[in-house]
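>>> Structure, please.
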Amino acid sequence: MLNRLVACALVLAVALTSADAQKPHAARTVSADQLMSRFVSAWNRDDMPALEAMFSDSIALVGRQSMVGKAVTEWVRQENANTKNLRVTPLFSRTTGDMAYQVGRYRLSSAQGDTLQTGVHTFTYRRAPDGGWKLESMYIVPDPAP
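Have a look, this model is predicted:
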């Protein structure tokens, strides 16, 4: 599982490095970690309007479940209603040109601090024409139950 995640991250890194060679470095105004921090903050505040505003129209969720567009918004709404206290630990992140991504681990816990779920994630963002950033894809896979 981890090997597949690392392989995906490496392919993405090579593709983005190639794109970065065509863009001026001054275009980097936000880091992938900052974008993820915004997502985590909105999740933990239960702020669905803020989460939805981050999504591109064609957002894709890949992992144990796969879906696109409005189905992702509905999945996030359901998951957010049932889980709180999201924490992410970046393993690798990069912003290059009009793309940003973070590969890492996540943990969801209860209000009492009990771990509900852990797993791996890769979130990919793209700079929108207006200069803002939109979440394009989420690869989320929970760890197997102990």
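
>>> For the rest of this, base every contact and every neighbour count on C-alpha atoms.
Noted.

>>> Please report how far R45 lies from T83.
Distance of R45 to T83, computed by CA to CA, to the nearest Å: 11 Å.

>>> same thing with A60?
20 Å.

>>> Between those two, which is the more surrounded one?
Between A60 and T83, counting by other CA atoms under 10 Å, A60 is the more crowded of the two (21 against 17).

>>> Please give the element, helix or strand, for the more buried one.
A60 is part of strand 55-63 when elements are defined by DSSP states H and E.

>>> Give me the helices and strands touching that strand, please.
Applying 3 or more CA pairs under 8 Å, 6 or more residues apart in numbering; DSSP states H and E, we find strand 55-63 packed against strand 67-68, helix 70-82, strand 133-142.

>>> neighbouring contacts of it?
66-70, 72, 134-141 (CA atoms under 8 Å, 6 or more residues apart in numbering).

>>> Which two among the residues you listed are spaced furthest apart?
K134 and V141 (21.1 Å; CA to CA).

>>> and the two? which has more neighbours close in?
K134 (22 against 19).

>>> Any buried residues in stretch 87-102, and which?
87-88, 90, 93-102 (16 or more other CA atoms under 10 Å).

>>> residues in contact with the closest residue to M54 other than its chain neighbours?
Nearest non-adjacent residue to M54, counting by CA to CA, 6 or more residues apart in numbering: K134, 5.1 Å away. For K134, the contacting residues are A53, M54, F55, S56, Y125, R126, R127, A128, by CA under 8 Å, 6+ apart.
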